[in-house]
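Enquirer: Just the structure for this:
(2 chains)
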There are 2 protein chains.
Amino acid sequence: MNIEIITIGDEILIGQVVDTNSAWMGTELNKVGFEVSRITSISDDREAIAGALHESLSRVPCVLMTGGLGPTRDDITKHVLCDFFNTRLVFNEQVYSDVETLLKGRVGHINELNRSQAMVPEGCTVIRNPVGTAPVMWFERDGGVVVSMPGVPSEMKHAMIHEVIGRLQQRFHTDHILHKTVHIFQIPEAVLAEMLSDWEDAIPPFIKVAYLPQPGRIRLRLTARGSDAGVMQRAINQAVDALQPIVGRYIFGYDDDSIEKRLGEMLVARGQTLATAESCTGGAIGAAITSVPGSSAYYNGGVVAYGNEVKHEVLGVSTNDLNIYGAVSEPVVSAMARGVQRLMRTHWGVATSGVAGPSGGTPEKPVGTVWIAVCNPQGQVNAQKFAFGPFRDRTVLRSVDMALMMLMNELLDDK
Amino acid sequence: MNIEIITIGDEILIGQVVDTNSAWMGTELNKVGFEVSRITSISDDREAIAGALHESLSRVPCVLMTGGLGPTRDDITKHVLCDFFNTRLVFNEQVYSDVETLLKGRVGHINELNRSQAMVPEGCTVIRNPVGTAPVMWFERDGGVVVSMPGVPSEMKHAMIHEVIGRLQQRFHTDHILHKTVHIFQIPEAVLAEMLSDWEDAIPPFIKVAYLPQPGRIRLRLTARGSDAGVMQRAINQAVDALQPIVGRYIFGYDDDSIEKRLGEMLVARGQTLATAESCTGGAIGAAITSVPGSSAYYNGGVVAYGNEVKHEVLGVSTNDLNIYGAVSEPVVSAMARGVQRLMRTHWGVATSGVAGPSGGTPEKPVGTVWIAVCNPQGQVNAQKFAFGPFRDRTVLRSVDMALMMLMNELLDDK
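Expert: Below you'll find the model as predicted:
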């Protein structure tokens, strides 16, 4: 069944904000069998909102809207919906109490603007929003459904996951769509496609395969569509199992697994611990590792050694090495990995040192040069040099990725 | 003058790709006075493309389309445009020669699919694309302009910058548009709107104001439209100046400024340095600070003190405090800030310790409880407790934000 999305906000049209909500909604809706057939972005303008809504409802039975629900003057979605559905705003005690609870301790007093958040169109179904002040509104007319949600991504996502998607599934019939994503690392896309050629020929035609490459890894997405969920699930499971003998060594997870989550599982299973020493990544590896709940079981901590004094004084890197080879070098990054492993008394130590740029590059070490080292429990260091190019943010992201992948590889090799 | 954008591609609707093209185009068009009034994303479907184009042309005199111009079967934009403008595909020597030049050395031979790229609709203006194989096509009918561009961001951007924007400026008269964004922190949206009510009433009607809230801060965007750029610029400047006596203390930057960038400027101006001691944020504050080029001038480094041993052994937090008050407490976070300031010999020390969750909460310290401390150059510590709610990622993000804002506040207070 087709759904249209309407995102409201001048900030999208002038390019101040990239509309990431629609992509997220498209992905989630797809998982449960809905297809997004159109995304329309318009400004906080009465005619534009009413016009777009009218057009969408003439094409599809369900429209999801985000944005324009804040308490300030430029937010008019609620008023336009009132006009559109020929109703008026009424005060909702429940919403007011939710707003009070949420703002308690955050603001001194609930003012008129906060209070206005509790005014909702009469006749719509109000869905409570525990993570923000604007409630979600569900309208029904002539067999069509319109849902208005806040544009703040965390609030929209909370509403979708906990309320809207379930209600849509109850309200509309959909085909089954099953997805399974397999995360594979260290095989280039074209090589993987070649390795999987026979496997692709052997899977049933109702399973579609897509290769989604990211730096250093590939998401292989299997999608089955049909009416018998049992048959589809078994076929997907078989196809995934059949991958094991071909590329099992390179599969590090499925679906929402991340490399940092998988690393955590492996370290927990071995009863081992990890510490990080970061220069060019500035703490981003620690942030990635600790994004996993329960990471305190295996991650003792790290040192962000941005200055050379910190590398020497806290991590014990020799001043000699720093002077002779420079901070971005194999001896220094290796000493950093060893140093933090010793300082935090862990089994594993991971270190980075690089030229993130835009300045600081030299002919021998251009911007984007990064050394990454992993020290194993036996004290052996594997250090590698990378060239990640001229963009600072990209260099940091790729360094984090690569450090985690190097660690996973070492863990797989370490018996 | 209003322009609509139509982006074509299934990958956008299923959420596999976030449509960043539209935001970029919106920004660039705005700079030269065009306004994007609607963005429509549709699939590679004949009816959808023709329908969306028809609707857009009924609203605005100019439509920019991206996507669906590749050589494979699913790319049908060119054929739909042929039907729409009642014309046929003809072979274009110039385009063929461009494709040949581009592919030379990349592929073994020019195959039929590559050759088909040189077939273009008769009667359209063909704009050469030196960075890809699909040319840009410019159509005119009944005073309306339709431009079809490749969806590959680098190709679209090249065409826009070098050809399309200039041609649009020649073809259409535009108003001027000026934007100014003011970054304000530590005032909730509804309170700010109340404080600025008189100010909003006093600014000229051709300036529009929008509140764009983010956790702990708000972007206030002023947009002026008109024909006299000088008048508009003066009016915007006056409006921004008029904010100073009302909320000047809470303004931390303008336009592309970020809080971490502004902090860097303030530290550099004072010749002062900073170190971080992070528990629940796991390195994310260090990562934010070092996202600013040149941050090595004032950021010595940090300690990710995830385990209590690291807090004690590396940062010198007393075992007594850890046992009596627990890791998430004022004495511990204060000792962490002092400890890292001493260890890295910096002027400022910032520390976090909290319960990121989802587990580890207690009735006294529920999930989301975070202590943040800032130690100033005189050794005085300001520590505050926050309740950021149940979501781990959000708690980390808000902790980072709040830590940076507390530091800015202390810097503003420190004479």
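Enquirer: so where do the helices sit in the stretch 201-350 of chain A?
Expert: A:229-241, A:244-247, A:259-270, A:284-289, A:308-313, A:319-325, A:330-343 (DSSP state H, counting those that start in this stretch).
Enquirer: what's whatever residue of the stretch 101-250 of chain A ends up closest to chain B sitting at in phi/psi?
Expert: Proximity of the stretch 101-250 of chain A to chain B (C-beta to the nearest C-beta) peaks at residue A:113, 4.0 Å away. In short, each C-beta sits where N, CA and C put it, glycine included. Per-residue torsions, residue A:113: phi -70, psi -40 (degrees, to the nearest 10).
Enquirer: quick revisit: could you name the stretch from the helices of the stretch 201-350 of chain A that's closest to chain B?
Expert: In terms of C-beta to the nearest C-beta, the element of those nearest to chain B is helix A:284-289, at 2.8 Å.
Enquirer: Any residue of that closest one touching chain B?
Expert: Yes: using C-beta under 8 Å from any C-beta of the partner chain, a contact is recorded between helix A:284-289 and chain B, made by A:284, A:285, A:286, A:287, A:289.
Enquirer: Next, the contact list for the second one, please.
Expert: Residues touching residue A:285, when contacts are defined by C-beta atoms under 8 Å, 6 or more residues apart in numbering or on different chains, comprise A:276, A:278, A:302, A:350, A:352, A:399, A:400, A:403, A:404, B:283.
Enquirer: Now, those that are in strands?
Expert: Secondary structure from DSSP state E places A:276, A:278, A:302, A:350, A:352 of the contacts of residue A:285 in strands.
Enquirer: Those residues: which ones sit near chain B?
Expert: Within these, those near chain B by C-beta under 8 Å from any C-beta are A:276, A:278, A:302.
Enquirer: Do you know the pLDDT at the first one?
Expert: Note for residue A:276: predicted pLDDT of 98.
Enquirer: show me the contacts for the closest residue to it other than its chain neighbours.
Expert: Closest residue to residue A:276 apart from its sequence neighbours, by C-beta to C-beta, 6 or more residues apart in numbering or on different chains: residue A:302 at 3.5 Å. Residue A:302 sits next to A:275-278, A:283, A:285-286, A:340, A:344, B:283, B:303-304, B:306 when contact means C-beta under 8 Å, 6+ apart.
Enquirer: Show me which pair in those is furthest apart.
Expert: A:283 and A:344 (14.9 Å; C-beta to C-beta).
Enquirer: Who has more neighbours out of those two?
Expert: Each of residue A:283 and residue A:344 has its neighbours counted (other C-beta atoms under 10 Å in any protein chain shown); residue A:283 has more, 31 against 27.
Enquirer: just to revisit the earlier point, please identify the most buried of the helices of the stretch 201-350 of chain A.
Expert: Mean neighbours per residue, mean count of other C-beta atoms under 10 Å in any protein chain shown, is largest over the helices of the stretch 201-350 of chain A for helix A:284-289, with a mean of 28.
Enquirer: pLDDT (mean, whole number) over that helix?
Expert: Averaged across helix A:284-289, the pLDDT comes to 98.
Enquirer: nearest to residue A:15, of the contacts of residue A:302?
Expert: Using C-beta to C-beta, the contacts of residue A:302 come closest to residue A:15 at residue A:283, 29.9 Å.
Enquirer: Next up, the contacts around that closest one.
Expert: For residue A:283, the contact set (C-beta under 8 Å, 6+ apart) comprises A:302, A:304, B:276, B:278, B:282-287, B:290, B:302, B:304.
Enquirer: Flag the shaky bits of chain A, pLDDT-wise.
Expert: In the predicted model, chain A carries pLDDT under 70 at residues A:105-108.
Enquirer: what's the domain layout of it?
Expert: A:2-171, A:176-254, A:259-413 (automatic domain parsing).
Enquirer: How about the second one and chain B, any contact?
Expert: Yes: looking at domain A:176-254 against chain B by C-beta under 8 Å from any C-beta, the contacts come from A:210, A:212.
Enquirer: any idea how far that domain is from the chain center?
Expert: Remark: domain A:176-254 is offset 21 Å from the chain centroid, using C-alpha atoms, centre = their mean, to the nearest Å.
Enquirer: For it, measure first residue to last.
Expert: Terminal residues of domain A:176-254 lie 20 Å apart, using C-alpha to C-alpha, to the nearest Å.
Enquirer: From what I see, residue A:404 and residue A:287 are in contact.
Expert: No: using C-beta atoms under 8 Å, residue A:404 is not in contact with residue A:287, being 11.8 Å away.
Enquirer: So which residues on the stretch 301-415 of chain A come close to chain B?
Expert: A:301-307, A:309-310, A:313-314, A:343-345, A:356-359, A:392-393, A:396.
Enquirer: can we see that at 6 Å?
Expert: Proximity of the stretch 301-415 of chain A to chain B (C-beta under 6 Å from any C-beta of the partner chain) is limited to residues A:301, A:302, A:303, A:304, A:305, A:306, A:307, A:310, A:344, A:358.
Enquirer: Dump these to CSV, plus distance to residue A:148.
Expert: Converted to CSV, these look like this (distance: C-beta to C-beta, whole Å):
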residue, distance to residue A:148
A:301, 45
A:302, 44
A:303, 48
A:304, 43
A:305, 49
A:306, 46
A:307, 51
A:310, 51
A:344, 50
A:358, 43
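Enquirer: And those residues, which is closest to residue B:206?
Expert: Closest approach to residue B:206 among those (C-beta to C-beta): residue A:358, at 38.2 Å.
Enquirer: what's the closest non-adjacent residue to the closest one?
Expert: Nearest one to residue A:358, counting by C-beta to C-beta, 6+ apart, is residue B:293 at 5.5 Å.
Enquirer: Neighbours of that neighbour, how many?
Expert: When counting by other C-beta under 10 Å, one arrives at 15 neighbours for residue B:293.
Enquirer: Distance check, it against residue A:222.
Expert: Here residue B:293 is placed at a distance of 42 Å from residue A:222 (C-beta to C-beta, to the nearest Å).
Enquirer: what are the bridge partners for residue A:304, then?
Expert: residue A:278, residue B:302 (DSSP bridges).
Enquirer: Check residue A:178 too.
Expert: Beta-bridge partners, per DSSP bridges, of residue A:178: residue A:224.
Enquirer: Now for it, how many residues are close by?
Expert: Neighbourhood size, residue A:178 [other C-beta under 10 Å]: 19.
Enquirer: Can you check my assumption that residue A:4 lies in a helix?
Expert: No: per DSSP: H, G, I helix; E, B strand; the rest coil, residue A:4 lies outside any helix segment and is strand.
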